[in-house]
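Student: Okay, sequence plus prediction incoming.
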Amino acid sequence: MTLKFSYHRFRSPRPIWTLQNSLFRPRPTIFVTVKGPGGAWNELGLVDTGSDDTVFPGYVARIIGLDLTQAPTRTASGVGKVPAVIHLAEVILKITDGREIREWPARDGFTSTPLKSPLLGFAGFLQYFSANFQGDQEVLELTVNSLYPGT
């Protein structure tokens, strides 16, 4: 019932003072598949406890066959406080650590605002898991909780 993921290490162009001058920044990123009525898309997403919602780049909606013209919207903002329009839709999410697979229906967002990677936030993702971030080992463990609606 627990999926275990190693953090990915991203190279920095210069030493990171806050990480004892390391040239790599570890991040809890995992591959996530989002499925819609016309296909699926798989990419590395950031597991982000600071994100209220799970949000994908807008072009992904076209790839997976979602029509967002009548989708409900909301606005959201991150660190820069610049509001972004989020189009909401029902999709299927899937993750695997190579041993276990989890797949569930989710209500997630799509935005034309540039993202470095999909944000795997609370609504649609973290709400269904108990998460254990092990900074010293650079490992993330996700265990399904009582809200998990999938298989």
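Tutor: Yep, it's here. Residues are numbered from 1 along each chain as shown.

Student: For the helix or strand of the chain with the lowest mean pLDDT, list every residue counted as buried.
Tutor: Among the secondary structure pieces of the chain, namely its helices and strands, strand 73-76 has the lowest mean (mean pLDDT, DSSP states H and E), a mean of 90. Burial within strand 73-76, assessed by neighbour count using 16 or more other CB atoms under 10 Å, is assigned to Ala76. (Glycine included, C-beta is placed from N, CA and C.)

Student: Work out the sheet partners of the next helix or strand after it and label each with its direction, please.
Tutor: Heading C-terminal from strand 73-76, the first helix or strand you meet, by DSSP states H and E, is strand 84-96. Partners of strand 84-96 in the sheet, by DSSP bridges, are strand 29-36 (antiparallel), strand 73-76 (antiparallel), strand 101-111 (antiparallel).

Student: For strand 84-96, give me every contacting residue.
Tutor: Surrounding strand 84-96, the residues in contact under the criterion CB atoms under 8 Å, 6 or more residues apart in numbering are 3, 30-36, 53-55, 58, 61, 64, 66, 68, 71-78, 101-113, 124-125, 142.

Student: mind redoing it with 6 Å?
Tutor: Outside of strand 84-96, the residues within contact range by CB atoms under 6 Å, 6 or more residues apart in numbering are 30, 32-36, 66, 68, 71-76, 102-111, 113.

Student: hey, what's the most centrally placed residue in the chain bridged with?
Tutor: Most central in the chain under CA atoms, centre = their mean is Leu120, positioned 2.2 Å from the mean C-alpha point. Each beta-bridge partner of Leu120 is listed here, defined by DSSP bridges: Val47.

Student: coming back round to it: with only the CA atoms kept, save the least confident helix or strand of the chain in CSV.
Tutor: These are the backbone C-alpha positions of strand 73-76, laid out as CSV (Å, rounded to 0.1, in the frame of the first residue of the first chain):
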residue,chain,number,x,y,z
THR,A,73,-12.6,28.1,-13.9
ARG,A,74,-10.9,29.6,-10.9
THR,A,75,-7.9,31.8,-10.4
ALA,A,76,-4.8,30.8,-8.4
